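Novice: sharing a model that was predicted from the sequence below.
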Amino acid sequence: MFRVETQESWRSYRAVVLGLLLLCVTALAITLWELYDFAREQVIIEELIRTLPGEDTAPVEFLADELRWQFRLTILVVIHVVLTGIAIAFLARAYRTSQQSLRDIKAHAGDILSSMEQGVITTDLNGIVTSINRRGLEMLRPAGDCVGRSLREVSVHVPLDEFRNQWTIERSSGMTRDFTMKSDDHKTVLRTFCQTLNDVDGAEIGFVLQIRDVTARVLTEDRMLRMERYMGLGSLAAGLHHEIKNPLAALSLHVQLLEEQLERDNSCGEVQGLLRIIKTEMARVGGVLEGFRDFASLGRLNLHPVNIGELIQRQIDLILPQAASQSVDVNVQFSTNLPCDLPVDQVRLEQVLLNIFVNALEAMPGGGRVRIEATAELAHVSVRISDTGPGVSDQLREKIFDPYFTTKSEGTGLGLALCDKIIRQHNGTLDIQPSESGAVFQLILPTSLPN
Ligand code: ADP
């Protein structure tokens with residue numbers, strides 16, 4: 001935090017001011033005593049003048065004159081001492097007021113910095129922290145006080161000092177760096193920016209580091225990127241579907257006719273077998289084409305109010321036999337406030353849930369546990385599906401929502417791409433969450449109708 005230290009300096013100045021004022025009062029008292037003395041001496045001299053014979057009074061009158069002058073001068077000294085005292089009091093007051101204004105300005109600057117959504121850290125030229133605002137403390141979570149310690153010690157989880165050193169070499173004004181901080185169940189992306197700290201004469205006295213939490217922005221950028229890729233692939237898929245569908249239908253018809261002809265001619269089993277293979281392969285190509293079409297179609301959602309708890313439970317019931325045969329434990333936890341009228345396309349949402357559930361089962365051929373949690377907030381419903389399989393590595397995390405990305409020998413890689421598209425059509429989000437073990441998918445659906 002920014003600190004304002006004025007009390008200490010004022011205390012030492014106050015002692016000096018009080019000392020000077022005391023000196024003035026003492027000087028005033030002594031001078032007044034002097035005045036009183038002069039007045040008494042003048043009375044005595046006047047008495048002398050009256051009693052002495054006329055010719056002897058000349059030296060005494062000279063003395064009386066001297067005393068009058070000294071009296072006048074002492075009055076001047078009194079005025080001087082009084083004015084000095086008043087001046088000291090005024091100066092002390094002005095000093096206090098300027099100190100107060102300085103403290104207010106510093107406190108105001110501190111308030112502005114501590115209300116900022118950005119973390120702001122200042123260091124001296126050697127990387128020793130000179131200040132850090134509230135948001136900076138929240139982001140870096142340092143142990144103990146920060147001011148006076150090196151940036152390296154304060155920022156243990158984020159290598160800010162390395163970044164500062166690199167910046168001092170490159171000195172590129174647009175240089176920013178993203179750091180990822182991982183905690184138990186979530187990941188935070190911090191975007192940092194460095195610049196020099198100059199004094200009023202323009203001399204370099206340190207560095208200012210600004211840190212922003214851009215987790216949400218990075219997530220949105222990722223989703224936008226994913227969407228752009230889909231749009232390109234979507235139009236390609238639409239074109240392919242159109243071009244291949246008709247020849248495939250004709251081929252299928254002719255194979256059918258050929259099969260019937262061969263059956264009538266009682267041809268050998270070997271030829272029939274070969275035809276079956278051709279038919280199976282054609283069915284597979286047809287399946288891939290259907291996938292293409294689903295992916296490419298922007299088809300409108302058929303939205304109806306649905307009891308979301310029941311919908312999820314129906315999909316869970318579908319996978320229970322496969323789960324039992326694989327020794328996978330299915331653990332379900334629904335909050336009691338799940339809406340009965342969530343506006344969704346029932347068929348497509350079932351497709352999404354089933355795909356994620358089946359993926360989880362496929363990730364655990366040797367058994368494990370799937371946990372399905374559904375909770376409702378004011379504006380959305382969240383479904384979290386976690387499994388105890390091998391999980392998804394950081395490198396693959398970016399790719400699994402890409403169409404045709406698969407790590408399975410029999411996979412199409414279209415499942416999650418379609419799921420993501422369907423959920424986006426619902427104005428919701430589908431993401432894979434960071435986790436210590438296994439995979440955790442989170443699906444969020446808004447409770448109000450998408451436009
Ligand atoms: P497919 O199932 O045909 O491979 P998907 O799009 O459904 O296609 O999945 C893409 C890839 O994502 C999978 O091949 C797999 O590598 C990964 N994946 C999906 N779900 C899980 C999971 N629960 N655990 C581990 N990996 C998963």
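Specialist: Structure's in. What do you need? Note that the coordinates shown come from a computational prediction; the quantities given were computed from them, not determined experimentally. Residues are numbered from 1 along each chain as shown.
Novice: which residues of the stretch 101-250 of the chain fall in helices?
Specialist: 134-140, 151-154, 160-170, 215-264 (DSSP state H, counting those that start in this stretch).
Novice: which stretch in these has the least confidence?
Specialist: Among these, helix 215-264 carries the lowest mean pLDDT, a mean of 76.
Novice: now that helix: how far from the chain's centre is it?
Specialist: 41 Å (Cα atoms, centre = their mean, to the nearest Å).
Novice: if you average pLDDT over the helix or strand just after that helix, what comes out?
Specialist: Going down the chain from helix 215-264, the next helix or strand is helix 269-296, by DSSP states H and E. Averaged over helix 269-296, pLDDT sits at 76.
Novice: for helix 269-296, the distance to its chain's centre please.
Specialist: Taking mean C-alpha positions (Cα atoms, centre = their mean), helix 269-296 and its chain are 51 Å apart.
Novice: stretch 394-414 too?
Specialist: Mean-position distance between stretch 394-414 and its chain equals 30 Å (Cα atoms, centre = their mean).
Novice: are that stretch and the ligand in contact anywhere?
Specialist: Yes. Using Cβ under 6 Å from any ligand atom, we find that stretch 394-414 touches the ligand at 400, 405-408, 411-413. To be clear about C-beta, it is placed using only N, CA and C from the backbone, and glycine gets the same treatment.
Novice: now the two most distant members of these.
Specialist: Largest separation among these by Cβ to Cβ: 400 and 412, giving 13.0 Å.
Novice: neighbour count for those two, which is higher?
Specialist: Set residue 400 next to residue 412 and count neighbours by other Cβ atoms under 10 Å: residue 400 wins out with 19 against 15.
Novice: so that one is in which element?
Specialist: Using DSSP H and E, residue 400 is not contained in any helix or strand.
Novice: my guess is residue 314 contacts residue 350. True?
Specialist: Yes. Under the criterion of Cβ atoms under 8 Å, residue 314 makes contact with residue 350 at 7.3 Å.
Novice: neighbour count winner among the two?
Specialist: Higher neighbour count among residue 314 and residue 350: residue 350, with 17 against 14, using other Cβ under 10 Å.
Novice: enumerate the residues of the protein near the ligand.
Specialist: Contact residues, the chain versus the ligand (Cβ under 6 Å from any ligand atom): 355, 359-360, 363, 387, 389, 391-392, 400, 405-408, 411-413, 415-417, 439.
Novice: quick one, which of those residues are buried?
Specialist: 355, 359-360, 363, 387, 389, 391-392, 400, 405-406, 413, 415-417, 439 (16 or more other Cβ atoms under 10 Å).
Novice: looking at those residues, spot the one nearest residue 227.
Specialist: Among those, and counting by Cβ to Cβ, the member closest to residue 227 is residue 417, at 11.1 Å.
Novice: am I right that residue 382 is in a helix?
Specialist: No. Residue 382: not assigned to a helix; according to DSSP: H, G, I helix; E, B strand; the rest coil it is strand.
Novice: can you count the residues close to it?
Specialist: Counted by other Cβ under 10 Å, the residues lying close to residue 382 total 16.
Novice: now do the contacts for it.
Specialist: Taking Cβ atoms under 8 Å, 6 or more residues apart in numbering as the criterion, residue 382 is in contact with 374-376, 442-445.
Novice: can you list those residues in CSV and add pLDDT?
Specialist: Formatted as CSV, the contacts of residue 382 follow (pLDDT from 0 to 100):
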residue, pLDDT
374, 96
375, 95
376, 93
442, 95
443, 95
444, 94
445, 95
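Novice: farthest pair within the residues you listed?
Specialist: Greatest spacing in these, by Cβ to Cβ: 376 and 442 (14.1 Å).
Novice: which one of those two is surrounded by more residues?
Specialist: Each of residue 376 and residue 442 has its neighbours counted (other Cβ under 10 Å); residue 376 has more, 19 against 15.
Novice: would you mind measuring from that one to residue 310?
Specialist: As judged by Cβ to Cβ, to the nearest Å, residue 376 and residue 310 stand 14 Å apart.
Novice: let me see the mean pLDDT of the strand or helix carrying residue 44.
Specialist: According to DSSP H and E, residue 44 maps onto helix 7-51. The pLDDT scores in helix 7-51 average 87.
Novice: other SSEs contacting that helix?
Specialist: Judged by 3 or more Cβ pairs under 8 Å, 6 or more residues apart in numbering; DSSP states H and E, the packing partners of helix 7-51 are helix 57-115.
Novice: tell me what the helix it packs on is packed against?
Specialist: helix 7-51, helix 134-140.
Novice: export those helices to TSV and tack on mean neighbour count and distance to residue 273?
Specialist: Formatted as TSV, the entries for the helices and strands packed on helix 57-115 read as follows, by neighbours: other Cβ atoms under 10 Å; distance: least, Cβ to Cβ, whole Å:
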stretch	mean neighbour count	distance to residue 273
helix 7-51	13	97
helix 134-140	19	67
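Novice: present the ones you listed as a markdown table; the columns should include distance to residue 103.
Specialist: Output for those, formatted as a markdown table (distance: least, Cβ to Cβ, whole Å):
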| stretch | distance to residue 103 |
| --- | --- |
| helix 7-51 | 9 |
| helix 134-140 | 19 |
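Novice: how long is stretch 141-157 end to end?
Specialist: Its start and end residues considered, stretch 141-157 measures 9 Å (Cα to Cα, to the nearest Å).
Novice: typo on my end, stretch 300-315
Specialist: One end of stretch 300-315 sits 23 Å from the other (Cα to Cα).
Novice: quick one: buried residues of that stretch?
Specialist: 301, 303, 306, 308-309, 311-312, 315.
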